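Peer 1: I'll drop the sequence and a predicted model, then ask my questions.
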Amino acid sequence: MHLWSMNDTRTSMVDYGFGCRRGVFSPLLGNGIFTQEGPAWKRSRELLRKQFVRIQYQNHDHFREHVDNLIALLPQGGIIDLQPLFFSLTLDTATALLFGRSVYSLRANTDQGVENRKFAESFNIAQEGLAKRFRIAPWQFLYNPPDFRRACVNVHRFVERYIDELNLETDGSEKSFSFLGQVAKESASKEDIRDQLLNVLLAGRDTTACCLSWTFRLLVRHKHVMDRLRREIYSVMGDSEIPSREQIRKMPYLAYVIRESLRLYPPVPLNNREAVKTTILPTGGGPDGNSPILVRKGEVVVFSQYVNSRKSNIYGSDAYDFCPERWEGGKLSNIGWAYFPFNGGPRQCLGEDFALMQVSYTIVRLFMVSLLIAMPEGEKVEPVGTERQRLTLVLLSADGCRIKFSGRPVC
């Protein structure tokens, strides 16, 4: 196994494949874009790309209801862990987008509350199982306990019910133009539709929640950053509380804050590829790390945004510091493969715009609800990267994201 720094783009991507990835993830994800390669992957990417392009030009109504539900749970004076709420928020938003109807995990009582909670719990169990299978690959088949299998079956049945309810013969109906409806029109079977939807759900739900959690943890520990961000938000928003896409685009410092959070805490800190033939990594070997490395067919190369993010030769002596200002003035405009929280090249994340807009919208709404956002007394302020972390398929804060809400913000 080799650790590969991806800031050298001379490496030929065609020399590498997924290896055992499909076997790791197939119990839950089946045959979708996340596990496919070659022509099948190209077809899936084009299918899903069209849906995300269509969403990109819509307003933020698909965020508003669910952020309202989150805000309703915030204390009017007290401390709350935002991390689990952010995971519920992104699950609600993602299921509303993909299925045309949310599971409303942020609501205590819904018409299908029991069934929705069962889905949310099963989805979490299935994800935990995939993380364990990923860590022991290529022996992933050794982890296949009954609760994991049941969870995958429960998730599949839940999604398939949405597919069964879809009546594609009613042309012009709102449902036929939904994400689900459009994917169904170009898919060969119920299983194909299900797998594509679950691939998008897995790829987008936890990553966005992690970004929100780490961003708020960083903000309350860096008051000067939060104060500057608050001033920008209030200067753009004025008397309005619901941000539009155009207003968010007028908040460059907000974009820098999110970019810096993703730099220090990329939701997916590690990835890998398996050599499909004997090849060469152009750098990374030798005493100075600049010599080529031989990679034999079947060997695994691990590449890490987390490692790249902390390299002083790329980001300077303050690479470990939370400094959104480093992105100002285009100083890092040519950063290339030193920054890839949404992957890059042909497999760059299709949902990047959707995820960034959801994160931006949620941050602005939380600042606009007339609450002071602060770090609770007694919370530790550890140097960046030394706090307790938890790695599943994504990088979590092991201590959550505890925030104190009280009073009105002072602009």
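Peer 2: Okay, I see it.
Peer 1: in this protein, which helix is the longest?
Peer 2: Looking across the chain with DSSP state H, the single longest helix is helix 190-220.
Peer 1: buried stuff in that helix?
Peer 2: Within helix 190-220, the residues scored as buried using 16 or more other C-beta atoms under 10 Å are 192-220. Just so you know, the C-beta spots here come from the backbone N, C-alpha and C atoms, and that holds for glycine as well.
Peer 1: ditto for stretch 46-57
Peer 2: Within stretch 46-57, judged by 16+ other C-beta under 10 Å, the buried ones are 47-48, 51-52.
Peer 1: between those, which is closest to G351?
Peer 2: Nearest to G351 out of those is F52 (C-beta to C-beta; 6.0 Å).
Peer 1: about what we covered before: the longest helix of the chain - what's its average pLDDT?
Peer 2: Regarding helix 190-220, the rounded mean pLDDT is 93.
Peer 1: next secondary structure after it?
Peer 2: helix 223-237 (DSSP states H and E).
Peer 1: tell me what angle that following helix forms with helix 190-220.
Peer 2: Calculated by axes from the mean of the first three to the mean of the last three C-alpha atoms, to 10 degrees, helix 223-237 forms an angle of 110 degrees with helix 190-220.
Peer 1: how about residues contacting helix 223-237?
Peer 2: Residues outside helix 223-237 that contact it (C-beta atoms under 8 Å, 6 or more residues apart in numbering): 218-220, 243, 247, 250-254, 257, 322, 324, 363-364, 367-368, 373, 409, 411.
Peer 1: list the buried residues for that helix?
Peer 2: Buried-residue list, helix 223-237, by 16+ other C-beta under 10 Å: 225-226, 228-230, 232-233, 236-237.
Peer 1: do stretch 73-81 as well
Peer 2: 74, 79-80.
Peer 1: next one: stretch 273-288
Peer 2: 273-275, 279, 281, 283-284.
Peer 1: got the CA positions of that stretch in PDB?
Peer 2: C-alpha atoms of stretch 273-288 as PDB (Å, rounded to 0.1, in the frame of the first residue of the first chain):
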ATOM      1  CA  ARG A 273      -7.400   3.100  -6.000                       C
ATOM      2  CA  GLU A 274      -6.000  -0.200  -7.100                       C
ATOM      3  CA  ALA A 275      -3.400  -0.500  -9.900                       C
ATOM      4  CA  VAL A 276      -4.900  -2.400 -12.900                       C
ATOM      5  CA  LYS A 277      -1.400  -2.700 -14.300                       C
ATOM      6  CA  THR A 278       2.200  -2.200 -13.100                       C
ATOM      7  CA  THR A 279       2.800   1.500 -13.300                       C
ATOM      8  CA  ILE A 280       4.800   4.400 -11.800                       C
ATOM      9  CA  LEU A 281       3.900   7.100  -9.300                       C
ATOM     10  CA  PRO A 282       6.000  10.100 -10.500                       C
ATOM     11  CA  THR A 283       6.900  11.300  -7.000                       C
ATOM     12  CA  GLY A 284       6.700  10.200  -3.300                       C
ATOM     13  CA  GLY A 285       9.600   7.900  -3.100                       C
ATOM     14  CA  GLY A 286      13.200   8.200  -1.900                       C
ATOM     15  CA  PRO A 287      14.600  10.000   1.100                       C
ATOM     16  CA  ASP A 288      13.300  13.400  -0.100                       C
END
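Peer 1: distance between it and the chain's centre?
Peer 2: Put simply, stretch 273-288 sits 29 Å off its chain's centre (C-alpha atoms, centre = their mean, to the nearest Å).
Peer 1: what of stretch 344-358?
Peer 2: 9 Å.
Peer 1: quick one: end-to-end length of it, please.
Peer 2: Using C-alpha to C-alpha, to the nearest Å, the end-to-end distance of stretch 344-358 comes to 20 Å.
Peer 1: ok so, going back, which of the buried residues of stretch 273-288 lies closest to F99?
Peer 2: Taking C-beta to C-beta as the measure, F99 lies nearest R273 of those, at 31.8 Å.
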